[in-house]
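> the following block contains a protein sequence and its predicted model.
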Amino acid sequence: MQFSQIVSQVTFVMVALPMAGALFILLTAGWGIGHIRRMALTNVLSTAALAIVMVAAYNPQLKDEDGNPDLIQMTTVMPWTGTLPDRAAASLEVFLRSTGQVTVSIDEVRRLVDEGIVRSDRDETAEQIVVRLDKVRDGKLSLAEVGGVGPDICLALGVDGISLWLIALSALLMIPAVLVSWEAITDRPATFYALMLLLEAGMIGVFAAQDIILFYVFFEFTLIPLFFMVGIWGGSDRRWAARKFFIYTLAGSVLTFLGLIAIVLSYSWMTGQNELVFSIPELTAGIAQELAVSPEANIYWRSVSPWIFLALFAGFAIKVPLFPFHTWLPLAHVEAPTAGSVLLAGVLLKIGSYGFLRFALPLVPEACFAAFHWIGILSVVGIIYGALLALAQSDIKKLVAYSSVSHMGFCLLGLFALNNVGITGGLLQMINHGLSTGALFAMVGMLYERYHTRDIESYRGMTKKYPVMAFFLLVIVFSSIGLPGLNGFTGEILALLGMFRSYWPYAVLSLSGIILGAWYMLWLVQRTFFGKLREPVLEDHGHGGAHVDDHHLTDLNARELCALVPIVALIVWIGVTPQFFIDRMAPSINEVIEHLDAGYHRLSADRRPLAPFAPFGLSPLTRETAPSVTLSGAVDSFEK
């Protein structure tokens, strides 16, 4: 097998490897906790190495045989229900459907093969193709013979510019998640690490899925490992936190599933085909094509797309979480083990915003424009409300949790700017938030391991004792508040510039969230790491609440440094040269922009407001979008 063929399957291997690792850990649990830890670390390091191969192999300028952009790469497609036709059968099926014919003769198959319309993966002649596919032996091929059997629900995985960095982020954050659990998890470690690896498979799978049903399976699957991680290894209120997390997200995702099925059924009705299509790329392109040529499809889609948007919104908004659907998040973060908090904040929250970008924006763009003000207001309120609540917290972990509510508001604000600059900033900010907040939760866990308290007032002047920890904390905090030169600045500035171009009041109001973010983050650092040294007093250490015996407490060790150094390196890399990351997003984002432009023109042609968004009417947006985004270009266009 050639190296290129191996690379083409890297996405599938990245999903399968953690699953296999989880099974192996459970089967060899009796070999000891040291073996379990080493196997988990080896597995996540291998997956991270594959993520590097994936990023290096992804070519955003790749073209297919017809010269069209080939943005979905490293694909794996295997039948799940039914059987898939091979290349010759598939091309014959397309020919029959496009011409309206019922059967095709051997002479016509010969002509199609000669003209290159029908191609075989097996280097067959026309006669060989007919003999192989002719099930009733009548010398002709019918649609039933060349089509797949059953609905084409596939195990279809691939990567494009939208999912590329999210998959890489998932693989990267698994490394600190394993390392911060090294000493913290001693009860049933095999089960814990197996659940963590299964969670990694679900996270990568949900971003790589190219089939709607597969996406939903992974979307729901991610709930299960985290539910048990919080419920078994969490804090004192872990069971209520796990139940609340599970019920909230499951309730919303059921409605989202109805929206996804409505997309599949609607496409079938619009095309008049009996077969159901579940391929996400095919649905996205097919619905756009039907809307471009069919007035009847436009009328139908205009009536159903707002309700599809609301169904998608129900699950994705809870997952983000968008205000006021955020109430499950702080408790889940506080009660979760450190690894659970790292992955929840770093990756799982991004599934909601990814769902908006993957489904809502390209498939129901009219509804996105109609809901622009609703989403804009909720995002701005979430930014300010989350920041104010973070200011009021006395628990470090709860402060970081509420900061996630605030920062994810910037991601949604960028995505729903509905222009190239804003969407690029929103997607980049999803990556930036995953890095900075994931690292913050990891550092909270490191501090908790030493003193077993997260109370802010219990700490003072910790820089004197932990200078290396203080350095890393400052870098990550500066990243979180958007200091120029670090990653947080690039995402926030693009998201805000995009919203300024769409509707400046929301951008102006959201600036207060940046100011408040700097306030609560720097105040946290000042109270805990500066001033006269004061260490926490623990009732379960010593006699009468004596101070912790500090000869056991050291600065960051090699294991903890290995958890933080890759994240800090990426924080600086994205801050200094963000264009490397933007260039790989741009072609896929441009495709989303094309769908948004088409939806805007359709909406402008019919000025009637879409129910149930009628109270706001149409949003006053401009559609001047650049074909690609650079940070300097975005600033120049804003100045103009």
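Everything's here; your move.
> where do the helices of the stretch 251-400 of the chain begin and end?
If DSSP state H, counting those that start in this stretch is used as the criterion, the helices of the stretch 251-400 of the chain fall at 280-293, 295-319, 328-335, 338-343, 349-355, 361-363, 365-370, 372-391, 396-415.
> same list (the ones you listed) but as TSV, adding distance to residue 75, mean pLDDT and mean neighbour count.
To be clear about C-beta, it is placed using only N, CA and C from the backbone, and glycine gets the same treatment. Output for the helices of the stretch 251-400 of the chain, formatted as TSV (distance: least, Cβ to Cβ, whole Å; pLDDT from 0 to 100; neighbours: other Cβ atoms under 10 Å):
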stretch	distance to residue 75	mean pLDDT	mean neighbour count
helix 280-293	10	86	17
helix 295-319	24	89	20
helix 328-335	34	86	23
helix 338-343	26	92	29
helix 349-355	18	93	25
helix 361-363	19	93	24
helix 365-370	25	88	26
helix 372-391	32	92	22
helix 396-415	25	91	27
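> save these as JSON lines, and put in distance to residue 425 too.
What follows is the helices of the stretch 251-400 of the chain, written out as JSON lines (distance: least, Cβ to Cβ, whole Å):
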{"stretch": "helix 280-293", "distance to residue 425": "22"}
{"stretch": "helix 295-319", "distance to residue 425": "19"}
{"stretch": "helix 328-335", "distance to residue 425": "23"}
{"stretch": "helix 338-343", "distance to residue 425": "24"}
{"stretch": "helix 349-355", "distance to residue 425": "12"}
{"stretch": "helix 361-363", "distance to residue 425": "14"}
{"stretch": "helix 365-370", "distance to residue 425": "17"}
{"stretch": "helix 372-391", "distance to residue 425": "13"}
{"stretch": "helix 396-415", "distance to residue 425": "4"}
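> out of the ones you listed, the one nearest residue 173 is which?
Distances from residue 173 to each of these were compared using Cβ to Cβ; the shortest belongs to helix 338-343, at 6.0 Å.
> export the closest one to PDB, keeping only CA atoms.
Extracted as PDB, the C-alpha positions of helix 338-343 are listed here (Å, rounded to 0.1, in the frame of the first residue of the first chain):
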ATOM      1  CA  THR A 338     -10.100  18.100  35.700                       C
ATOM      2  CA  ALA A 339      -9.800  16.000  32.500                       C
ATOM      3  CA  GLY A 340     -13.600  16.300  32.000                       C
ATOM      4  CA  SER A 341     -13.500  20.100  32.400                       C
ATOM      5  CA  VAL A 342     -10.500  20.400  30.000                       C
ATOM      6  CA  LEU A 343     -12.400  18.400  27.300                       C
END
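> so what touches that helix?
Applying Cβ atoms under 8 Å, 6 or more residues apart in numbering, the set of residues contacting helix 338-343 from outside is 173-174, 176-178, 180-181, 184-185, 196, 199, 203, 226, 229-230, 233-234, 333, 397, 401, 438, 441-442, 444-445, 448.
> do the same with stretch 555-575
Counting contacts by Cβ under 8 Å, 6+ apart, the residues touching stretch 555-575 from outside are 172-173, 175-176, 179-180, 182, 428, 431-432, 435-436, 438-439, 442-443, 446, 465-469, 472, 475-476, 479, 484-490, 580-581.
> can you mark which positions in it are buried?
Of the residues in stretch 555-575, those scored as buried under the neighbour-count criterion (16 or more other Cβ atoms under 10 Å) are 556, 560, 563, 564, 566, 567, 568, 570, 571, 574, 575.
> distance check, the fourth one against residue 476.
With distances defined as Cβ to Cβ, to the nearest Å, the gap from residue 564 to residue 476 amounts to 8 Å.
> ok, the third one next?
Relative to residue 476, residue 563 is positioned 12 Å away (Cβ to Cβ).
> try the last one
Residue 575 sits at a distance of 12 Å from residue 476 (criterion: Cβ to Cβ).
> then the fifth one?
Between residue 566 and residue 476 the distance is 13 Å, computed by Cβ to Cβ.
> from memory residue 588 sits against residue 165, does it?
No - when contacts are counted by Cβ atoms under 8 Å, residue 588 is not listed as touching residue 165 (10.8 Å).
> out of the two, which sits in the busier spot?
Just comparing residue 588 and residue 165: by other Cβ atoms under 10 Å the higher neighbour count belongs to residue 165, 25 against 21.
> how about that one, what does it touch?
For residue 165, the contacting residues are 55, 427, 431, 581, 584, 585, by Cβ under 8 Å, 6+ apart.
> repeat for residue 74
Shown in contact with residue 74 (Cβ under 8 Å, 6+ apart): 7, 8, 9, 10, 11, 54, 57, 58, 158, 159.
> what's the answer for residue 389, then?
Taking Cβ under 8 Å, 6+ apart as the criterion, residue 389 is in contact with 402, 405.
> residues contacting residue 7?
With contact taken as Cβ under 8 Å, 6+ apart, residue 7 is in contact with 53, 57, 74.
> and what of residue 397?
By Cβ under 8 Å, 6+ apart, the contact set of residue 397 is 333, 334, 341, 441, 444, 448, 454.
> give me the domain ranges for the protein.
By the assignment in automatic domain parsing, the chain contains the domains 85-147, 237-537+564-602+605-639.
> okay, strands next: where are they in the chain?
Under the criterion DSSP state E, strands of the chain are mapped to 73-83, 103-105, 140-142, 149-159.
> out of these, name the one with the poorest average pLDDT.
Mean pLDDT values for those show the minimum at strand 140-142, a mean of 57.
> helices of the stretch 51-200 of the chain, start to end?
Taking DSSP H, counting those that start in this stretch as the criterion, the stretch 51-200 of the chain contains helices spanning 87-99, 106-114, 126-133, 143-146, 164-180, 189-208.
> what's the average pLDDT for the longest one?
Helix 189-208 shows an average pLDDT of 94 in the prediction.
> that helix: how far from the chain's middle?
15 Å (Cα atoms, centre = their mean, to the nearest Å).
> ok, now the fifth one?
With Cα atoms, centre = their mean as the basis, the distance from the averaged C-alpha position of helix 164-180 to the chain average is 12 Å.
> what mean pLDDT does it get?
Average pLDDT, helix 164-180: 95.
> and the nearest residue to residue 171 once chain neighbours are set aside, what is it in contact with?
Using Cβ to Cβ, 6 or more residues apart in numbering and skipping the chain neighbours, the partner closest in space to residue 171 is residue 51 (3.8 Å). By Cβ under 8 Å, 6+ apart, the contact set of residue 51 is 14, 167, 168, 171, 172.
> what's residue 326 sitting at in phi/psi?
Note on residue 326: backbone dihedrals following degrees, to the nearest 10 are phi -100, psi 0.
> please name the nearest non-neighbouring residue to it.
Nearest in space to residue 326, with sequence neighbours left out and distances taken as Cβ to Cβ, 6+ apart, is residue 405 at 4.8 Å.
> okay but that neighbour is in contact with residue 324, surely?
No - under the criterion of Cβ under 8 Å, residue 405 lies out of contact with residue 324, with a separation of 10.2 Å.
> overlap of the contact sets of those two?
Common contact partners of residue 405 and residue 324 (Cβ under 8 Å, 6+ apart): none.
> what number of residues lie near residue 221?
Taking other Cβ under 10 Å as the neighbour definition, residue 221 ends up with a count of 16.
> same question, the one 10 residues further on
Counted with other Cβ under 10 Å, the burial measure for residue 231 works out to 18 neighbours.
> hang on, isn't it packed against residue 238?
Yes - using Cβ under 8 Å, residue 231 is in contact with residue 238, at 5.6 Å.
> my guess is residue 199 contacts residue 228, does it?
No - no contact is recorded between residue 199 and residue 228 when judged using Cβ under 8 Å, the distance being 9.7 Å.
> who has more neighbours, the two?
Between residue 199 and residue 228, counted using other Cβ under 10 Å, residue 199 has the larger neighbour count: 29 against 19.
> need the contact list for that one.
Taking Cβ under 8 Å, 6+ apart as the contact definition, residue 199 lies against 222, 225, 226, 229, 343.
> out of those, the closest to residue 276 would be?
Of all these, the one sitting nearest residue 276 is residue 222; the distance, using Cβ to Cβ, is 25.1 Å.
> next one: the nearest residue to residue 330 once chain neighbours are set aside from residue 379, what distance?
With sequence-adjacent residues excluded and distances taken as Cβ to Cβ, 6+ apart, residue 330 is closest to residue 401, at 4.4 Å. Here residue 401 is placed at a distance of 18 Å from residue 379 (Cβ to Cβ).
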